[in-house]
Structures are given as C-alpha cells and as structure tokens.
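Visitor: Got a predicted structure plus its sequence, pasted below:
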Amino acid sequence: MNILLYGATELGYLLAKRFYQEYSIILIDDLPRMPDRFNTLDLSFVSGSGADIDALEQANVNECEMFIACSELDEANIVACWTVKKIIDIETICFIRTMELYRNLSSPKQDRYLTRYDIDTIIWPEQLLTQDIFRIISVPDAIDVEYFAEGRAKLFEYRIKEGSVLCNVRLMDYSFPQGVLIVGITRDHQLFIPSGATVIHEGDKVIFMGTNSAVDTLAATIFQSGNIIRNAVLIGGGSVGYMLAQKLERTGVKVKLIEHNETRCEFLADNLKKSLILKGDGTDLELLEQESVDDADVVVCITDNDEKNLLCSLLVKQLNPKRRIITRVNNVKTGQLFEKVGIDATVSTRESALKELLNRVQARNVDILALVEWGQGELLRLRVPESFPDTKINDLQFKAQAVIGIIQRGRTLLIPNGNSVIRAGDLLKIFTMAKDAEIVKTLFV
C-alpha cells in the first residue's frame, strides 16, 4: 500500500517510523528538504504544501491508497484532505489539536450533508488520551487498562511491589484465577513474553489478560488495596484536564484542578460546576501543601510540557511517596525516566494516536487493540479465515513470540491452553512483540 503523509512533525516521524518497513511512504511538507532524522527511514520526500495540487501530483497521489495529514496546523490538515479528495477518492485521515474543530467535524449534524469530499477519519489525540487516563484511574493500582470484546474482557498491567505474593515466584508455581493469562512482562524497560519457568521479580510490570470476572478476582486478591478513588487532583487545565474532570464529575469523584492561566480558569469554572478550580502553578510546593494535594487518592499531571509534568510529579512524591501519580509524557526516553523516579503510570498522546491510526491502516481483519511499553508489544484482534482448518494451538507453527490470550467464538469467550482448537471464524486476541506482528498475521491468511 502507498501512503502519502503530510507533515514532517514529531507525530509524522513516529508514524513514518512505524510504517515505512511495511508500506511505501511518501512524505510531503513545506520544508525545502527532508529533516535529517527522516533520512534514516526508507521513504520519498516532496517539498510543498499538502493543499497544493501541483505538489500532490508530484507526490503521485493518484497512486496512493491513503492520505494522512498531521502537520502542526489543523486548518492546513483539513484543507489538504479536502484537496486530495478533489483529485482522487482515497481514504483520508486528519489529525487535529483543537476541541472546537473536532466537535464541528465529528458532529452528527455533519451526516446531513455528506459529500465525496468529506474526511474519512478525524483523530484528536487528546480525546483518546483522556479516555486512556480515565480507564487507568478507574482501576486502583493499575498502570495500564484496556477493555475489549464489547467490554467482557480486559488487559491489566501492574507493577510488582515489594512484599507482593508474586515476588520471586515462577509462573507455573502460582495458582492464578481460571480465565487469566500472563501475556507479557517488562523488566528494565524491555518487554518479553514469559514461559512457565519465568520468575517474577520486584519492579516487574506484568500484563494480565482474561475475562472480566477472572481479572477482577485477580485484582481483588492480589493487587487492589481496597482504595476507591473519591477525590483527584489534576494539574493542567487544557483540553485533557477539562475532559477528564468532566468524566470524573459524572462518576462522583471530587476534583481539584490547578491551572496557571487566568482566562482558562474562568472557562473551567464556568463549565465545571462540581470541580474546584485553583489558579496557580503545579510546581509551587507551597500551593500543593496548602491545598493538601498529598491527601488526594490520585494526582494526574497533564500539562503539555514533559519537564513541568516531571517536576510536579516529583513534588507530589516528596509530599507523599505513596501517592498514586499518573503523568503525561511525549518522549519515550522521558517516559522511561519518569518510571525510574517512581511515577506510577505514564501516558502519551502519541501512543494513543498511533493505536487509533494502526486500526485504520491495518487490513480489515486485523485490529490493534493496545500498544504496550511504548510500542514494544501489540495486542492484535484477528479474525480466522473461513478456509482455516481446525488446529490445536500446540500444533500452530508460531515462528514468533506470541500468546493467544482469548478466543471469541460467537458470544463465547474462551481462555485457551495448548490443547484448545482454533476454528474458522474465531476472533482471536493475540499478544505479540511488535516486531513479530506481521509474522503472526501471516499464520491466519
């Protein structure tokens, strides 16, 4: 597949790096030449605007199957998608950064006036990030949470703490609830798929997958401290802070939101009727002490600046080392640093956006349900073709690191073992290393 990518941005680089080995990528941007970091990737470059017909023709848009607009300007992305549709009716994906434009473009009212020039997919990364944070907050102690199979199955990620019953235990020696599998472990920032002989260490991040009831039983017996989230402090009143406060208000959580911009504070106070809006700086230790931030059940640092989020997180940890903190990061290396200094969970708009985009780019019978450890692992949803013969899992010729975590057969969810049989039409949830994802897919062609 040929993909035309508009925008030599941070997000553009992330997308190009993820796709260039699988697809033919053409990058278009107003810059006179391609930025140096893109030179390590095997792709073509055209200097020009994504809304310029001449530049699009030079980029051979007529030979492309997909157009992705991710420049820094929302309006440029929108106009570029419209312009491409004038030339050829291919799938267009548009990234935007403002709430107003997202609401306008995705409003149900737009359906009244559909035309062939309409953008196929609008992605607002901050909305996706908000959803990810809310899921993590909803599960005490979890550092990542994903729901799938219409909400009947879950993926939870937990960090193994000192004194845990799982410390220094071989997987084969512990009796986990029926219906739960350990599909991955991250140790020293490296993700791997364990075997029964793998020993769990303190500090490991362990990924569990299974049915709702089984994973809930696991959480109740091993991880949850019984803490229910009753109050939260949000540092940063941008779009993510605003949307997250709305979600928390609806679930009865008391919210304190700290924002330094006075105009933004007025907007938040007018639109968040149940939250306490505080004008101030989240790096002001005196303010944090005065407002008893250390007593909150969870603190979420969600400004758009990695360094500020790190400083806010460290100050909160100084006030209360046991306080649960969720922090927004953009850079992979920064995210690893956050974990080293004790931040409980890190979240990223780019990770959220990449997962959404992968679902659009992949073949129709494959979805990316989750990305793990900054893209090292993927949870695939894959439909077994009708031509596939009944096959025991033990007899599959897997030439990759992968675990079939769930078999969905109609409305039935099966947590398989080696003797379980895969049948045509089954919907599989497969956890694999990202580098092996393509190999896994070829097994079920």
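Guide: Sure, I can see it.
Visitor: Does the residue nearest the centre of the chain fall in a helix, a strand, or a coil region?
Guide: The geometric centre of the chain, computed from its C-alpha atoms, lies nearest to residue 352 (C-alpha atoms, centre = their mean), at 3.2 Å. Of the three states, residue 352 takes helix under DSSP: H, G, I helix; E, B strand; the rest coil.
Visitor: Just the element for the closest residue to it other than its chain neighbours, please.
Guide: The shortest distance from residue 352 to any non-neighbouring residue, by C-beta to C-beta, 6 or more residues apart in numbering, is to residue 128 (3.7 Å). Placement of C-beta: from N, CA and C, glycine included. For residue 128, the element it lies in under DSSP states H and E is helix 125-138.
Visitor: check contacts around the spatially most distant residue from the centre of the chain.
Guide: For the chain, the residue at maximal distance from the C-alpha centroid (C-alpha atoms, centre = their mean) is residue 54, at 35.8 Å. Residues in contact with residue 54 (C-beta atoms under 8 Å, 6 or more residues apart in numbering) are residue 48.
Visitor: now swap in residue 194 and tell me
Guide: Residue 194 neighbours (C-beta under 8 Å, 6+ apart): 171, 182, 184, 185.
Visitor: Distance check, the third one against residue 414.
Guide: Relative to residue 414, residue 184 is positioned 20 Å away (C-beta to C-beta, to the nearest Å).
Visitor: go on, the last one?
Guide: Separation of residue 185 from residue 414 (C-beta to C-beta) stands at 23 Å.
Visitor: of the two, who's got more company?
Guide: Taking neighbours as other C-beta atoms under 10 Å, residue 185 and residue 414 compare with residue 185 leading, 22 against 16.
Visitor: Give the rounded mean pLDDT of the strand or helix carrying that one.
Guide: Using DSSP H and E, residue 185 falls within strand 180-187. Averaging pLDDT along strand 180-187 yields 93.
Visitor: For it, name the packing helices and strands.
Guide: Other helices and strands packing on strand 180-187, by 3 or more C-beta pairs under 8 Å, 6 or more residues apart in numbering; DSSP states H and E, are strand 190-192, strand 205-211, helix 212-218, strand 402-409.
Visitor: right, and the helix or strand after the last one?
Guide: On the C-terminal side of strand 402-409, the closest following helix or strand by DSSP H and E is strand 412-414.
Visitor: tell me which strands and helices that next one is in contact with?
Guide: Packed next to strand 412-414, using 3+ C-beta pairs under 8 Å, 6+ apart, are strand 402-409.
Visitor: The strand it packs on pairs with which strands, and in what direction?
Guide: strand 412-414 (antiparallel), strand 427-433 (antiparallel) (DSSP bridges).
Visitor: quick check: angle from the last one to strand 180-187?
Guide: Read that as strand 427-433. 20 degrees (axes from the mean of the first three to the mean of the last three C-alpha atoms, to 10 degrees).
Visitor: still on that earlier bit, report the separation between the residue nearest to the centre of the chain and residue 238.
Guide: 15 Å.
Visitor: do the same with residue 143
Guide: 23 Å.
Visitor: do the same with residue 78
Guide: According to C-beta to C-beta, residue 78 stands 21 Å off from residue 238.
Visitor: do residue 396 as well
Guide: 46 Å.
Visitor: how about the helices of the stretch 301-445 of the chain, start to end?
Guide: Secondary structure of the stretch 301-445 of the chain by DSSP state H, counting those that start in this stretch: the helices cover 306-319, 332-340, 349-361, 437-442.
Visitor: With the stretch 1-150 of the chain instead?
Guide: Counting by DSSP H, counting those that start in this stretch, the helices of the stretch 1-150 of the chain are 10-19, 53-58, 74-87, 99-106, 125-138.
Visitor: residues making contact with the last one?
Guide: In this case it means helix 125-138. With C-beta under 8 Å, 6+ apart as the criterion, helix 125-138 contacts 11, 95, 97, 102, 142-147, 229, 232, 238-240, 243-244, 247-248, 251, 298, 300, 302, 326, 328, 345, 347-353, 355-356.
Visitor: thinking again about what came up before, buried set for the helix holding residue 128?
Guide: Applying a neighbour-count criterion of 16 or more other C-beta atoms under 10 Å, one finds 125, 126, 127, 128, 129, 130, 132, 133, 134, 135, 136, 137 buried in helix 125-138.
Visitor: ok, now stretch 275-293?
Guide: Applying 16+ other C-beta under 10 Å to stretch 275-293 flags 275, 277-283, 285, 287-288, 291, 293 as buried.
Visitor: Restricted to strands, list those residues.
Guide: Using DSSP state E, the subset of the buried residues of stretch 275-293 located in strands is 277, 278, 279.
Visitor: and which of the residues you listed is nearest residue 360?
Guide: Nearest to residue 360 among those: residue 277, at 36.6 Å, using C-beta to C-beta.
Visitor: sorry, back to before: any idea which of the strands paired with strand 402-409 gets closest to residue 85?
Guide: strand 427-433 (32.8 Å).
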